[in-house]
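>>> Could you look at this predicted model? Sequence included:
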Amino acid sequence: MERLIATPRADWVRRVESVGVHFHSVDDGPYWDESVCYQFSAAEIDELERATYALDKMCLEAVAHVIDNRLFQPFCIPDAFHDFVARSWEADEQTIYGRFDLAYDGAGAPQLLEYNADTPTALLEAAVVQWFWMKDCRPDADQFNTIHERLIEAWRTAAPASRVAFVSLAGNVEDYMTVNYLRDTAVQAGLDTEYLAVEEIRWNARRRAFVDIRERPMSIIFKLYPWEWMLADRFAPHLLEANTRWLEPPWKMLLSNKAILPVLSELFPTSPYLLRTAFQPPGPSYVRKPIQGREGANITLVADGRIETKTNGPYGDQACVYQELKPLRRFEGNHAVIGSWMVNGYACGIGIREDRGPVTGNTSRFVPHFFVP
Amino acid sequence: MRKSTRAISLALVGSGLILAGCVGRTPDSDREHPPETGRGAGSSGRRSGYYGGGWRRYGGAAAPRSPAGGHEGTSGGKGVGASPSGGFGASGHAAGGS
C-alpha cells in the first residue's frame, strides 16, 4: 500500500461533474482529490476482500445473537420497535449495501473501525468516479471495484418488477445525487422508480399506508435517512402498521449502531479483524464513540490517559462505546481509512478517505486507488 | 481475474435534468424539473459536517428544504394532497448520509 503523487486531469472538474459529483470541493480545497492516489498489491486487495467477507459473516451472526437473546437495551432502540426489528430479520429482508470502515496499513490485518450499515455515502465516488479516473489515468491497472454491477444485480433480486421510491433529506446535493445514483442502478435493473424528499412522504390514515405526493401507496422505499431519526420522527408509530418494505431493512439499525462493536468483540474475541471494544474503557488508551454518532462527531481519542483529540458534535449526550486505540498509518502526514463495500452479499470494492487529522469526518478527502494485477 | 467493472453507463446521474430536480425543488414539487432561470445546475461544494471541531459552511447549491411539521390529519385519502406530510425529516440535520 503506497501513496503516490499524481497529476490531476486538466478537466477533472468537468469529468467528475459529468457523473454527478457536484460536491467535489469543500471551502478550502478538493473533496475529490486526484492529486494523489493509492497503489495496492493484488495480495493486499485479496486481504481486504477476505476481511470484508469475514466481517460481514460475523456481523450477521451478531445480529442473530442480539435478536435471539433480545439484547436491544444497549442499542437504545425504543421498546415498541424491538419486534419491528426482529420481524424484519426473521423475514430475511434483503439488504442492498453497507460500508465497513477499516484501519489498514498494508502489513497487518485490516481492522474494523465501524460499520456504516444503514446510510453509507461516498458511493458514487467509489463506484463511478474513481473507475473513470482509473480508465483515464491508469488504463493498464486494475481496481477493486465492481460496485456498479453489483448494485444492478441487487435491485433485480431485491425488488423485481416493483416501483421503488428513493428518498433523502431535502436540500442536500450530496445525498440527492447519491440516492439518484442508486436509483440509476435500479432503473438499469428494470425497476420503476421515483424520487421524493423524505419530508414529502405522506401518511394516508384511511389506507394505513405511506403514500407519495400523488397519493400512490409506497410499497418499497429506499431511504438515505437513518433509522434512529425515523424512530424519533412523528410518523414513527405508522412504521408499525404500514406494509411498506424499507431499504435498508430495519434489522440494519443494529449494525449501524456502534453498540454492535462490543457484541462482536464478545462473540469473536480472537478475530484479527476486530478491535477490542466494550462499554467501559479497556485501559488507558482508547477511542470513545457515541453509539449513534455520525461523520466523526463527538469522538475522543485517549492515549495513556491523556486526551489527544476530541471532536465536537451533537451526540455528546449519547451512550458510548470504548474501542481499542488503533493509530492509523500516516502517509506523508495523512491518515487513510479504507471504506470497504458490501453490496448484495458481495465484497466488491473500496474507497479511501484521507485526512490530516486522526478522525475521518464528512469533508475528509476521497482519494482514488488502483492495484497491479 | 479482474476485480473492476467492465463498463459503466449511467441512465440518470450526470444529466442536467437530475441536478435541476434537486436545485429546483420546492415543497411538494414532483421529481425532476427543468432548470429555472437564474438557478445554475453547476453547483460545487460538499455539505456541512463535523470536522476539526465545528460546522463548515456548505459551499454549493442546495435545494430549499420542505417545511417539516405538517399536521397529521385523520381522514386522508380523498385526493391529491389529502394526506399530511412532514412526519419524517424533522431531525434538523443537514444530511442523512454517513
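Nice, thanks for sending it over. Worth saying up front: this structure is predicted, and the values here are computed from it rather than measured.

>>> and the stretch 1-150 of chain A, which of its residues are near chain B?
Within reach of chain B by CB under 8 Å from any CB of the partner chain, the stretch 1-150 of chain A has these residues: A:13, A:17-20, A:22-27, A:31, A:45, A:49, A:116, A:118-121, A:124, A:127-128, A:131-132, A:134, A:142-149. No exception for glycine: its C-beta is placed from N, CA and C like everyone else's.

>>> Name the next helix or strand following the host helix or strand of A:Gly339 along the chain.
Using DSSP states H and E, A:Gly339 sits within strand A:334-343. Next helix or strand after strand A:334-343 toward the C-terminus (DSSP H and E): strand A:346-355.

>>> ok, and what's touching that next one?
For strand A:346-355, contacts defined as CB atoms under 8 Å, 6 or more residues apart in numbering or on different chains pick out A:33, A:36, A:38, A:45, A:48-49, A:52-53, A:56, A:99, A:122, A:125-127, A:130, A:143-147, A:150, A:331, A:334-343, A:360-361, A:364-369.

>>> Separate out the buried members of the residues you listed.
Buried members of the contacts of strand A:346-355, counted by 16 or more other CB atoms under 10 Å in any protein chain shown: A:33, A:36, A:38, A:45, A:48-49, A:52, A:56, A:99, A:122, A:125-127, A:130, A:143-147, A:150, A:331, A:334-343, A:360-361, A:364-369.

>>> And A:Val16, its phi and psi?
The phi and psi values for A:Val16, taken as degrees, to the nearest 10, are phi -80, psi -30.

>>> Just to check, it is in contact with A:Trp131?
No: counting by CB atoms under 8 Å, A:Val16 does not reach A:Trp131; the two are 11.7 Å apart.

>>> Name the residue in these two with the higher neighbour count.
Neighbour tally, A:Val16 and A:Trp131, criterion other CB atoms under 10 Å in any protein chain shown: the higher count belongs to A:Val16, 27 against 23.

>>> what's around whichever residue of chain A sits closest to chain B, how many residues?
Scanning chain A for proximity to chain B using CB to the nearest CB identifies A:Asn362 as nearest, at 2.5 Å. By other CB under 10 Å, the residues close to A:Asn362 number 27.

>>> Please apply the same query to A:Pro272.
Using other CB under 10 Å, A:Pro272 has 11 other residues around it.

>>> and what of A:Glu153?
Quick note: A:Glu153 (other CB under 10 Å) scores 18 neighbours.

>>> cool, and A:Arg356?
The tally of other residues near A:Arg356 (other CB under 10 Å) stands at 11.

>>> Go ahead and confirm it touches A:Phe331.
No: judged on CB under 8 Å, A:Arg356 makes no contact with A:Phe331 at a distance of 11.0 Å.

>>> Okay, and the closest residue to A:Asn298 other than its chain neighbours sits in which element?
Closest residue in space to A:Asn298, ignoring its immediate chain neighbours: A:Gly313 at 4.0 Å, by CB to CB, 6 or more residues apart in numbering or on different chains. Using DSSP H and E, A:Gly313 is not contained in any helix or strand.

>>> quick one, what contacts residue 3?
All of this is about chain A. A:36-38, A:331-332, A:334, A:336.

>>> try again with chain B
Contact analysis of B:Lys3 by CB under 8 Å, 6+ apart lists A:45, A:49, A:142-146, A:371.

>>> May I see those residues arranged in JSON lines, with secondary structure and pLDDT as well?
Formatted as JSON lines, the contacts of B:Lys3 follow (DSSP: H, G, I helix; E, B strand; the rest coil; pLDDT from 0 to 100):
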{"residue": "A:Ile45", "secondary structure": "helix", "pLDDT": "98"}
{"residue": "A:Glu49", "secondary structure": "helix", "pLDDT": "98"}
{"residue": "A:Asp142", "secondary structure": "strand", "pLDDT": "98"}
{"residue": "A:Gln143", "secondary structure": "coil", "pLDDT": "98"}
{"residue": "A:Phe144", "secondary structure": "coil", "pLDDT": "98"}
{"residue": "A:Asn145", "secondary structure": "strand", "pLDDT": "98"}
{"residue": "A:Thr146", "secondary structure": "coil", "pLDDT": "98"}
{"residue": "A:Phe371", "secondary structure": "strand", "pLDDT": "98"}
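
>>> Distance of the residue lying closest to A:Leu275 once chain neighbours are set aside relative to A:Ile350?
Distance criterion CB to CB, 6+ apart; nearest residue to A:Leu275, sequence neighbours excluded, is A:Glu324 at 4.3 Å. Distance, A:Glu324 to A:Ile350, using CB to CB, to the nearest Å: 23 Å.

>>> Which one's more surrounded, those two?
A:Ile350 (29 against 16).

>>> Okay, and the beta partners of the more buried one?
Residues in a beta bridge with A:Ile350, per DSSP bridges, are A:Ser340.

>>> From A:Trp133, how far out is the residue nearest to A:Pro249 when sequence neighbours are not counted?
Among residues not flanking A:Pro249 along the chain, A:Glu93 sits closest, at 3.7 Å (CB to CB, 6+ apart). For A:Glu93, the distance to A:Trp133 (CB to CB) stands at 35 Å.

>>> Please say which of these two ends up with more neighbours.
Comparing A:Glu93 with A:Trp133 by other CB under 10 Å, the one with more neighbours is A:Trp133, at 25 against 17.

>>> that older thread, for A:Ala197, state which of the contacts of A:Arg3 is nearest.
Nearest to A:Ala197 among the contacts of A:Arg3, counting by CB to CB, is A:Ala336 at 34.2 Å.

>>> Mind listing residues that contact stretch A:273-286?
Stretch A:273-286 is contacted by residues A:51, A:54-55, A:58, A:74, A:103, A:109-113, A:258, A:261-262, A:264-265, A:268-269, A:288, A:302-305, A:319-326 when judged by CB under 8 Å, 6+ apart.

>>> Tell me the buried residues in that stretch?
For stretch A:273-286, a neighbour-count test (16+ other CB under 10 Å) marks A:273-277, A:285-286 as buried.

>>> Is the closest residue in space to A:Ala159 that isn't next to it in sequence bridged to anything, and to what?
Leaving aside its sequence neighbours, A:Ala159 sits nearest to A:Ile220 (CB to CB, 6+ apart; 5.3 Å). In this entry, A:Ile220 is beta-bridged to A:Val164, A:Arg245, by DSSP bridges.

>>> Buried among the residues of the stretch 1-150 of chain A next to chain B? Need that as a selection in ChimeraX.
One line in ChimeraX is enough to select the buried ones among these; burial here means 16+ other CB under 10 Å:
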select /A:13,17,19,20,22,23,24,25,26,31,45,49,116,118,119,120,121,124,127,128,131,132,134,142,143,144,145,146,147,148,149
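
>>> quick one: which of the residues of the stretch 1-150 of chain A next to chain B sit in strands?
Counting by DSSP state E, the residues of the stretch 1-150 of chain A next to chain B place A:25-26, A:116 in strands.

>>> surely A:Gln94 meets A:Arg156?
No: applying CB under 8 Å as the test, A:Gln94 and A:Arg156 come out as separate, 11.1 Å apart.

>>> just to revisit the earlier point, is it fair to say the residue of chain A closest to chain B lies in a helix?
No: per DSSP: H, G, I helix; E, B strand; the rest coil, A:Asn362 lies outside any helix segment and is coil.
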